[in-house]
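Visitor: What follows is a predicted protein model with its sequence.
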Amino acid sequence: MILRGIIAGAVSISISPSNFLTWTAFVNGFIGGIVYVIACKICHMLENDDTLHIAQAHGATAFYSLFSIVLFHKDEGFFFKDVYLDYFYGAVTGEDTE
């Protein structure tokens, strides 16, 4: 299970690894392992017969990686874009940033 979690973490950052910062790649790999464990539990509950856990390790984490590039892209990701910072700066201070 641990080695498959490591594979799932590698799959979750493989969509575009050059566009992640080092710490975001680590976070994405960790979240990819969590996605793998959750997908295994869901498939077990649904009595899915996937003995090698291919769908969980590659399918679910690849689907997560589509969202992770949107969130953690080092130049245009949601958490690194000025729009995000301006929106929350204005929400906290009550000022309009435009």
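Guide: Now that the structure is in, tell me what you want to look at. Residues are numbered from 1 along each chain as shown.
Visitor: Share the number of residues neighbouring Y64, please.
Guide: Y64 has 21 neighbouring residues, counting by other C-beta atoms under 10 Å. Every C-beta, even on glycine, is put in place using the N, C-alpha and C of the backbone.
Visitor: ok, now the one 3 residues further on?
Guide: By the criterion of other C-beta under 10 Å, F67 has 14 neighbours.
Visitor: In three-state terms, label it for me.
Guide: Assigned state for F67: helix (three-state reduction, DSSP: H, G, I helix; E, B strand; the rest coil).
Visitor: List the residues that contact it.
Guide: Residues near F67 by C-beta atoms under 8 Å, 6 or more residues apart in numbering: none.
Visitor: separation between it and I31?
Guide: 10 Å (C-beta to C-beta, to the nearest Å).
Visitor: how near is I6 to T24?
Guide: For I6 relative to T24 (C-beta to C-beta), the value is 18 Å.
Visitor: Neighbour count for these two, which is higher?
Guide: T24 (19 against 15).
Visitor: secondary structure class for that one?
Guide: Under three-state DSSP, T24 comes out as helix.
Visitor: Verify the contact between it and F72 for me.
Guide: Yes. Using C-beta atoms under 8 Å, T24 is in contact with F72, at 4.2 Å.
Visitor: which residues touch the residue nearest the centre of the chain?
Guide: Closest residue to the average C-alpha location of the chain: S68 at 3.8 Å, with C-alpha atoms, centre = their mean. With contact set as C-beta under 8 Å, 6+ apart, S68 has these partners: S12, I13, I15, N28, I31, G32.
Visitor: give me that answer again for 10 Å
Guide: Counting by C-beta atoms under 10 Å, 6 or more residues apart in numbering, S68 makes contact with 12-13, 15-16, 20, 24-25, 27-29, 31-32, 35, 61, 77.
Visitor: Could I get the pLDDT score of it?
Guide: At S68, the model reports a pLDDT of 90.
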